[in-house]
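Enquirer: Structure for this input, please:
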Amino acid sequence: MGFFERLQAMFHSDRVDVRTRFEILREAVSGTMSKFYMARDRKLERVVGLKIADRDKLAVFEARFKGLKKPSEGEIAAGMHHPLVVETYEHGTTHDGLPFIVMEYVRGPGLHQLLYNRDRCLEGQRLRLVRQMAEAVEYVHSRQFIHRDVCPRNFIYEADTGNIKLIDFGLSVPMLPEFMQPGNRTGTPLYMAPELVRRRATDQRLDVFAMGVSAYQICTYELPWPVTDTTGQAALAHDTQLPRDVLEYRPTLNRTLAKAIMRCLRPNPHERPATVGEFLRAIRAVEADDE
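Expert: As a prediction, this is how the structure comes out:
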């Protein structure tokens, strides 16, 4: 090894050669700002989820927070420990200078796939899944973070247990004023709150809105607004058109649950539940009545 190679190795000694450390078992699935692999960790001898950031996409996103001490996705994810949130084992940097995250591998499809296929496994489980989704988001908020990309695609349905787990903190930010200023319009358009679409100031209630859209979809297989495309253009309807009442799609849905979901979809964030806990109190009462 020459002098420059030794010098480079010294400065990058904490970087990981992922091609040596991991055996790729399933090719990449592209996410918002990264690629996700099913892999075998040769060091720990277990199957894991391996997430490697896309350099260009990450740079564009992080540029929004220039001058702020924003924690990385790995740092945020590593602090999350909850039964309904995917567990992060390790995070670091590859030899190529790309952030990577090693997490538990959850065996099962994304919730969005089950909804798209109208999978029968959801029958009789909708209220429980809505509650689990809310509990996961409430936990993230208790850790003083806003997820910013709550949607069925970011919940994995665990085939063995029938539970869902929240994933992907790539767009998450601390629940601090400097990270909630107008202008950071990132997320999945069909689930984006109006204040996000319109580049206004935000807070945790944008997650409440996205959770409400997701809950609506779990209960009906449909979205609250007509969908002509999946770009940001579609999200402009979220404060210009009234959402279709969830009871029109599912007349037998419990009225308390229906009211709680529709309240989450209010265009004015001050008219939504102030916290996910408020939403949970309403739907837990429904579960208690069903016992």
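Enquirer: Please identify the buried residues of the helix or strand containing Val48?
Expert: Remark: Val48 resides in strand 46-53, with elements defined by DSSP states H and E. The neighbour-count check on strand 46-53 (16 or more other CB atoms under 10 Å) flags 48-53 as buried. Quick note: C-beta positions are derived from backbone N, CA and C, even for glycine.
Enquirer: now for the very next helix or strand once past it, which elements pack on it?
Expert: Where DSSP H and E defines the elements, the next helix or strand beyond strand 46-53 is helix 55-62. The contact analysis (3 or more CB pairs under 8 Å, 6 or more residues apart in numbering; DSSP states H and E) places helix 55-62 against no helix or strand.
Enquirer: Report the inter-axis angle for helix 55-62 versus strand 46-53.
Expert: If you take axes from the mean of the first three to the mean of the last three CA atoms, to 10 degrees, helix 55-62 sits at 70 degrees to strand 46-53.
Enquirer: so after helix 55-62, what's the next helix or strand?
Expert: Downstream of helix 55-62 (by DSSP H and E), the next one is helix 73-78.
Enquirer: What helices and strands are in contact with that following helix?
Expert: Counting contacts by 3+ CB pairs under 8 Å, 6+ apart, helix 73-78 is packed against strand 88-93, strand 99-104.
Enquirer: could I get these as CSV with mean pLDDT?
Expert: CSV is the format used below for those (pLDDT from 0 to 100):
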stretch, mean pLDDT
strand 88-93, 96
strand 99-104, 96
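Enquirer: closest one to Phe279 among these?
Expert: Minimum separation from Phe279 across these (CB to CB) falls at strand 88-93, 26.1 Å.
Enquirer: Direction included, what does the closest one pair against?
Expert: Strand 88-93 pairs in its sheet with strand 99-104 (antiparallel), by DSSP bridges.
Enquirer: Mind exporting the C-alpha coordinates of the strand it pairs with to PDB?
Expert: Output in PDB follows, covering the C-alpha atoms of strand 99-104 (Å, rounded to 0.1, in the frame of the first residue of the first chain):
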ATOM      1  CA  PRO A  99     -24.500   6.900   4.900                       C
ATOM      2  CA  PHE A 100     -25.800   3.400   5.600                       C
ATOM      3  CA  ILE A 101     -28.200   1.900   8.200                       C
ATOM      4  CA  VAL A 102     -28.400  -1.700   9.300                       C
ATOM      5  CA  MET A 103     -31.800  -2.700  10.700                       C
ATOM      6  CA  GLU A 104     -34.000  -5.600  11.600                       C
END
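Enquirer: and that strand, how far out from the chain's middle?
Expert: Averaging C-alpha coordinates over strand 99-104 and over its chain gives two centres that are 15 Å apart (CA atoms, centre = their mean, to the nearest Å).
Enquirer: in that strand, what's buried?
Expert: For strand 99-104, a neighbour-count test (16+ other CB under 10 Å) marks 99-104 as buried.
Enquirer: Report the two of the residues you listed separated the most.
Expert: Maximum pairwise distance among these (CB to CB): 18.2 Å, between Pro99 and Glu104.
Enquirer: Helices of the chain, residue ranges please.
Expert: 3-11, 18-21, 55-62, 73-78, 111-116, 126-142, 194-197, 205-220, 232-235, 246-249, 255-264, 276-290 (DSSP state H).
Enquirer: Distance to Thr88, mean pLDDT and mean neighbour count for those - can I get that in TSV?
Expert: Below are those laid out as TSV (distance: least, CB to CB, whole Å; pLDDT from 0 to 100; neighbours: other CB atoms under 10 Å):
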stretch	distance to Thr88	mean pLDDT	mean neighbour count
helix 3-11	26	42	10
helix 18-21	16	91	14
helix 55-62	17	89	14
helix 73-78	4	96	20
helix 111-116	20	96	18
helix 126-142	13	97	21
helix 194-197	26	92	22
helix 205-220	19	98	25
helix 232-235	30	77	16
helix 246-249	34	97	16
helix 255-264	28	97	19
helix 276-290	21	85	15
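Enquirer: which one of the ones you listed lies closest to Met180?
Expert: Of all the helices of the chain, helix 205-220 sits nearest to Met180, with 9.0 Å by CB to CB.
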